[in-house]
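1. make a model of this:
(chains A and B)
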Amino acid sequence: MKMKIVNNYFFVVMLGLLLASCGEENPSTPVETKVHLKFVPTYNGQALSIDSVYTNSFGQQLRVENIQFYLSNIYAHNGADSTLLKQAFLLTLLEPQTLSLNVSPQSFSSLSFGVGVPGNLNKNVDPSQYANSNPLSVQGSNGMFWYWNTGYIFVKVEGRYELTGTPNAPLMDSYSFHMGDDPLYRVLHFNTGSVSLAEGDARTFNIEVAVDSVFNRPADPIDLSIDNLTHTTSNFPLAERMTNNFVTAFHLQ
Amino acid sequence: MRRVISFFFIVGILAGCASEGLQDRSISFKQPHYFPAIIFPEGNEPTLLRFELGKKLFYEKQLSKNEDQSCASCHRLPSAFTDGRTVSSFHENEFARNAPTLANLAWSPYFMSEGGVPTLELQALGPIHEKHELSLSMEAVVGRLNSKSNYAELSKAAYGRELDAFVITRALACFQRALISGDSKFDRHYFLKANDYSELEKQGMDLFFSERTQCSSCHALPFFTDYKFYSLGFEDADIGLERRTYSENDRGKFKTPTLRNIELTAPYMHNGSMSSLEEVVSFYNTGGGTRTTKDSRVKPLNLSQEEERALVAFLKTLTDWNFVQNEKFLVAEED
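-> Okay, here's the model as predicted:
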């Protein structure tokens, strides 16, 4: 009887040592290398607030109530080599949002991404083929898909405005800019300097989205008394202007 | 009585299968030999349960925000899957349009009046989401249907997966591909050589296929459409194809509609502005509208009143009564 107890004790101790040993040499979770892209919406250099009323260069008052856009084909570039980090994200950007990307250890000197959805994923694509978790799926697209003329809405900017500029005047009218279609896909490049990521490293890149540029870009300010609505097909020239303004809002800090 | 027998036949199949789990089987759609073979999309070949699920969804009012409308609200079988309204009741916007027939969609190369939707499967997403139509998110649709009678079971048996956007769009497309119409008096006369036309109908057919009217150059056999886009010169607010192409040259252009069952699909034109076939033929005879993009073939035809009557008589021979009375396209009242 005594020998049996000793044997059992010995077996348990040896098993424990074996498991502890395995734990040290074969970690159950892989060491991740992370790239965080933190998008920070601002207006005139201050944090964007949906409660704030802003004045544009025409003296018109506006409030920003919704900003949604697709980011796609996020690449890291190292000379002639490019690594795809993520295919697509859908962002709602009324407050800072961070996209966390699991990447392999690598070096790069610039990042790029598309604003919108590239042509091969946009037209003649059936969103019902994607799992609900995919931002390009029927559910995941969250209203960012046109069903009468298939394709994704790349960018939505919506809110309210009033034209007199009178302090405390109610903002009774709404503006709505929905931009999409292949000609409005834009790719942005950002120099990051030399970045080298080893196993376990994490690096955060802060990208300001200066929403005031959408309305007040000096080269093409938006007069809301004239230009307050486009669903792209209803006013393609305005959609193109708004797209060009929107992409100038992104600044790597 | 026939409807009752049909109902029990279908229920009998489902009830019989239910005891051992639903069993599916391939089916084929009966089609005229003078129609080309249907090319089914991979993964959505027709089966009995796919057809039944699609039909059930087509008549399902849970697909609408207020649970009071279904696809069939605007696409009714007796009217060849149109609704008899100028524009469908929800459509109070600048792109309000007359509901199109759903006959012979299996051969359509694209969908919507601007041709902006490439597949019948994708088309199904439009009316469900469109705020002027059923106006419900797919997430809400799936949630509602999963709590209802045998949708989940039908979905798994028909497509091998949970009910979701993929299944709903595939099943609706499967049902709609079955809506084949090619058994009219015209078909029997022209393709089957029945030779049972009246003199007036023959005169109308000759005019229809003549160089003088060129009706058949756009309303081409066998579907009485070439699926291309033309302007008849309407000067209304609907810019048509331009909405998709951004080209002013496409202003007011719409996809050629089929003329099959045209007698049953009044009112006519994209905006439902003409209430009778007589009015439509007269419109063409006087040269159509005035928009600059108007197709060059739409010009004064100098038809006599008798010739106009002949054309109308011919158009009425395109009605397929077996199609619009086919009880397989209806659901049992209990559903």
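
2. interface residues of the stretch 1-150 of chain B facing chain A?
-> B:112, B:114, B:116-119, B:121-122, B:125-126, B:129-130, B:137-139 (CB under 8 Å from any CB of the partner chain). From N, CA and C alone the C-beta is placed, and that goes for glycine too.

3. try it again with 7 Å
-> B:112, B:114, B:116-119, B:121-122, B:125-126, B:129-130, B:138-139 (CB under 7 Å from any CB of the partner chain).

4. likewise for the stretch 151-300 of chain B?
-> Residues of the stretch 151-300 of chain B lying near chain A (CB under 7 Å from any CB): B:Ala165, B:Phe166, B:Thr169, B:Arg243, B:Arg244, B:Tyr246.

5. helix, strand or coil: sort out the fourth one for me.
-> In this case it means B:Arg243. Under DSSP: H, G, I helix; E, B strand; the rest coil, B:Arg243 falls in the helix class.

6. tell me who's in contact with it.
-> By CB atoms under 7 Å, 6 or more residues apart in numbering or on different chains, B:Arg243 lies in contact with A:Thr233, B:Glu114.

7. quick one: contacts for the closest residue to chain A within chain B?
-> As assessed by CB to the nearest CB, chain A sits closest to B:Gly116 within chain B, at 3.1 Å. For B:Gly116, the contact set (CB under 7 Å, 6+ apart) comprises A:Trp148, A:Asn149, A:Thr150, B:Arg244.

8. let's go with 6 Å and repeat that
-> Remark: with contacts taken as CB atoms under 6 Å, 6 or more residues apart in numbering or on different chains, B:Gly116 is in contact with A:Trp148, A:Asn149, B:Arg244.

9. same deal with A:Ser141?
-> Contacts of A:Ser141 by CB under 6 Å, 6+ apart are A:Pro127.

10. dump the contacts of B:Gly116 to JSON lines, plus neighbour count, pLDDT and distance to B:Phe229.
-> Formatted as JSON lines, those follow (neighbours: other CB atoms under 10 Å in any protein chain shown; pLDDT from 0 to 100; distance: CB to CB, whole Å):
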{"residue": "A:Trp148", "neighbour count": "21", "pLDDT": "89", "distance to B:Phe229": "15"}
{"residue": "A:Asn149", "neighbour count": "19", "pLDDT": "91", "distance to B:Phe229": "13"}
{"residue": "B:Arg244", "neighbour count": "20", "pLDDT": "91", "distance to B:Phe229": "9"}
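
11. could you single out the nearest of those residues to B:Ser275?
-> For the contacts of B:Gly116, the minimum distance to B:Ser275 (CB to CB) is 26.4 Å, reached by A:Trp148.

12. what's the following helix or strand after the worst-scoring helix or strand of chain B on mean pLDDT?
-> Within chain B, no helix or strand scores below helix B:2-18, which has a mean of 37 by mean pLDDT, DSSP states H and E. Downstream of helix B:2-18, the next assigned helix or strand under DSSP states H and E is helix B:48-58.

13. for chain B, what's its nearest residue on chain A.
-> For chain A, CB to the nearest CB, closest residue to chain B: A:Asn149, 3.1 Å.

14. surely B:Tyr230 is within a strand?
-> Yes. B:Tyr230 forms part of a strand when assessed by three-state DSSP.

15. state the distance from it to B:Lys294.
-> 8 Å (CB to CB, to the nearest Å).

16. the residues of the stretch 1-150 of chain B next to chain A: which two are farthest apart?
-> B:Glu114 and B:Glu139 (27.2 Å).

17. so for these two, which residue has more residues nearby?
-> Between B:Glu114 and B:Glu139, B:Glu114 has the larger neighbour count (other CB atoms under 10 Å in any protein chain shown), namely 23 against 15.

18. so where do the helices sit in the stretch 1-150 of chain A?
-> For the stretch 1-150 of chain A, helices defined by DSSP state H, counting those that start in this stretch occupy the ranges A:2-25, A:119-122.

19. ok, the shortest one near chain B or not?
-> To tie it back to what came earlier, the one meant is helix A:119-122. No. Applying CB under 6 Å from any CB of the partner chain, one finds helix A:119-122 separated from chain B by no less than 12.3 Å.

20. what is the burial count for the residue lying closest to A:Phe236 once chain neighbours are set aside?
-> The shortest distance from A:Phe236 to any non-neighbouring residue, by CB to CB, 6 or more residues apart in numbering or on different chains, is to B:Tyr246 (4.8 Å). For B:Tyr246, the count of nearby residues is 17 (other CB under 10 Å).

21. now the residue of chain B closest to chain A. Its backbone dihedrals?
-> B:Gly116 has phi and psi values of phi -90, psi 0 when expressed as degrees, to the nearest 10.

22. give me the mean pLDDT for stretch A:190-208.
-> Computed over stretch A:190-208, the mean pLDDT rounds to 96.

23. what does stretch B:221-239 give?
-> Rounded mean pLDDT across stretch B:221-239 is 96.

24. kindly report the same for stretch A:218-227.
-> 96.

25. how about it: buried residues?
-> For stretch A:218-227, burial by neighbour count (16 or more other CB atoms under 10 Å in any protein chain shown) applies to A:Pro221, A:Ile222, A:Leu224, A:Asp227.

26. so who does the second one touch?
-> Contacts here follow CB under 6 Å, 6+ apart; on that basis A:Ile222 touches A:Phe215.

27. next one: B:Leu48
-> Taking CB under 6 Å, 6+ apart, one finds B:Arg25, B:Ile27 in contact with B:Leu48.

28. roughly how far does it sit from B:Glu60?
-> The separation that B:Leu48 has from B:Glu60, given CB to CB, amounts to 18 Å.

29. and if you look at B:Asn104?
-> For B:Asn104 relative to B:Glu60 (CB to CB), the value is 23 Å.

30. how about the strands in the stretch 151-253 of chain A?
-> A:151-162, A:173-180, A:186-197, A:202-210, A:229-230, A:250-252 (DSSP state E, counting those that start in this stretch).

31. which outside residues touch the fifth one?
-> What it means is strand A:229-230. Counting by CB under 6 Å, 6+ apart, residues outside strand A:229-230 touching it are A:Ser176, A:Phe177, A:Leu238, A:Ala239.

32. that one pairs with which strands?
-> strand A:173-180 (parallel) (DSSP bridges).

33. low pLDDT regions in chain B?
-> Filtered on pLDDT under 70, chain B yields the residue ranges B:1-20, B:89-95, B:333-335.

34. spit out the contact partners of the spatially closest residue to B:Val298 that is not a sequence neighbour.
-> Nearest non-adjacent residue to B:Val298, counting by CB to CB, 6+ apart: B:Gly288, 3.8 Å away. Counting by CB under 6 Å, 6+ apart, B:Gly288 touches B:Leu232, B:Gly233, B:Lys294, B:Val298.

35. mind doing that once more with 10 Å?
-> Each residue near B:Gly288 by CB atoms under 10 Å, 6 or more residues apart in numbering or on different chains is listed here: B:Ser231, B:Leu232, B:Gly233, B:Phe234, B:Lys294, B:Asp295, B:Arg297, B:Val298, B:Lys299, B:Pro300, B:Leu301.

36. A:Lys86 now?
-> A:35, A:37, A:71-75, A:99-103, A:113.

37. and these, which of them are buried?
-> Here, 16+ other CB under 10 Å leaves A:Val35, A:Leu37, A:Leu71, A:Ser72, A:Asn73, A:Ile74, A:Tyr75, A:Leu99, A:Val103, A:Phe113 buried among the contacts of A:Lys86.

38. ok so, going back, could the strands of the stretch 151-253 of chain A be laid out in CSV, adding distance to B:Asn146 and mean neighbour count?
-> Output for the strands of the stretch 151-253 of chain A, formatted as CSV (distance: least, CB to CB, whole Å; neighbours: other CB atoms under 10 Å in any protein chain shown):
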stretch, distance to B:Asn146, mean neighbour count
strand A:151-162, 27, 21
strand A:173-180, 31, 21
strand A:186-197, 40, 14
strand A:202-210, 38, 16
strand A:229-230, 37, 17
strand A:250-252, 41, 16
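
39. for B:Cys174, find the nearest of those strands.
-> strand A:151-162 (24.6 Å).
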